[in-house]
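Enquirer: Provided below are the primary sequence and the corresponding predicted coordinates.
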Amino acid sequence: MAKTAVVTGSAKRLGKAILLALAENGYNVVVHYNKSKIDAEQTKSSAKKFGVKAITVKADLTSERQVKEMFKKIRSAFGKIDVLVNNVGNFSVKPVQKYYLQEWNYLIGTTAGSTFVCCKHAVPIMNKNGRIINIGDSEAEKITANTRVTPYKIGKIGVAVLTKALAVELGGKKITVNMVSPGAMFNTVSFPPEGLKAVPLRRWAKYADIINVVIFLVKPESGYITGANIPATGGYGL
C-alpha cells in the first residue's frame, strides 16, 4: 500500500522539489498552497506522472481553523498520512526597526507557528512509524545577530526547539521528528556577507542537497533518528 506525504508550501521552489522527489519514490502526495493555485495544480500534474495519487489543498497556515480543515480534507482523501514536511517560512528583508508588530508576528507565525499547528493536526492522522521533517535554517541552532531577516531567524530557532520537544513527546507513538537545515541556496536573498568564502565546499546549496537528506530520513532504516538537526550547508558556520 502506497504511503502518503504532505509537504507544506509545495506549489513551487524547494517545497515542490521535495514533493516531486517523494512522488518519485512512490508516495501519494498532498500539494499545499495558499495563494499559488496555478503553480499547485501544475505540481500536482507533475506528481501524477510518477503513477501516484496527488491532491491540492489550500490553507493559510497562520489560521488554525484553516489548518484543521486542511487535515480533514487530507484524511478524507487518504485516511492516514505517513510523512509531514513543514517547509513554509516567509521572510522580509529589512532592518529590525523597520518592522511593524503585525508583520513581525506574521513572519514568526509562518515559520514556528505554522510548523506547530501543522504538527498538532497531522499527528492524530499519522500512521505508526510516521515521519515529521521540519525545514530549518543554517543558523537555527545558533543565536547570532542577523539584521536583515530577523523574524525569520527567530522563527527557525523556534522550529529547532519545537523539533526536539516533539521528538520527546511523540517517541512513544513511534513517530520521529527531525530538522533539515539548508545552507545559503542558489536562489536565497540572504547570502553570507563573505559570499562563497564562508562555505567550505565553495558552492551554494542545490535542491538536491536538501532532498537527499529528506529521502534518507523517510526510509525505514532511519527510524532510530529523532530530534536531530541535519545541516545541508556545505560546512557554512563551522
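Expert: Noted; the coordinates are in hand.
Enquirer: Which stretches in this protein count as strands?
Expert: With DSSP state E applied, the chain shows strands at 4-7, 28-33, 54-58, 81-86, 126-135, 176-182, 229-232, listed in chain order.
Enquirer: Please identify the most buried of those.
Expert: Burial of these is given as mean neighbour count (mean count of other CB atoms under 10 Å); strand 4-7 ranks first at a mean of 28. All C-beta atoms are positioned from the backbone trio N, CA, C, and that covers glycine.
Enquirer: quick one, what contacts the closest residue to residue 167 other than its chain neighbours?
Expert: In space, and not counting its chain neighbours, residue 167 is closest to residue 227: 3.4 Å by CB to CB, 6 or more residues apart in numbering. Residue 227 is in contact with 163, 164, 167, 168, 177, 178, counting by CB atoms under 8 Å, 6 or more residues apart in numbering.
Enquirer: what sits opposite the closest residue to residue 81 other than its chain neighbours in the beta ladder?
Expert: Closest residue to residue 81 apart from its sequence neighbours, by CB to CB, 6+ apart: residue 4 at 4.6 Å. Beta-bridge partners recorded for residue 4 (DSSP bridges): residue 28.
Enquirer: and residue 4, what is it in contact with?
Expert: By CB under 8 Å, 6+ apart, the contact list for residue 4 reads 27, 28, 29, 30, 74, 78, 80, 81, 82, 83.
Enquirer: Which members of these are the farthest-apart pair?
Expert: 29 and 80 (14.3 Å; CB to CB).
Enquirer: where are the low-confidence patches of this structure?
Expert: Scanning the chain for pLDDT under 70 picks out 187-193.
Enquirer: Distance check, the residue nearest to residue 167 against residue 128.
Expert: Using CB to CB, to the nearest Å, one gets 18 Å for the distance from residue 227 to residue 128.
Enquirer: Buried by neighbour count: which residues of the longest helix seen in the chain qualify?
Expert: Longest helix in the chain, counting residues (DSSP state H): helix 150-170. Of all the residues in helix 150-170, those buried under the rule 16 or more other CB atoms under 10 Å are 150-160, 162-164, 166-167, 170.
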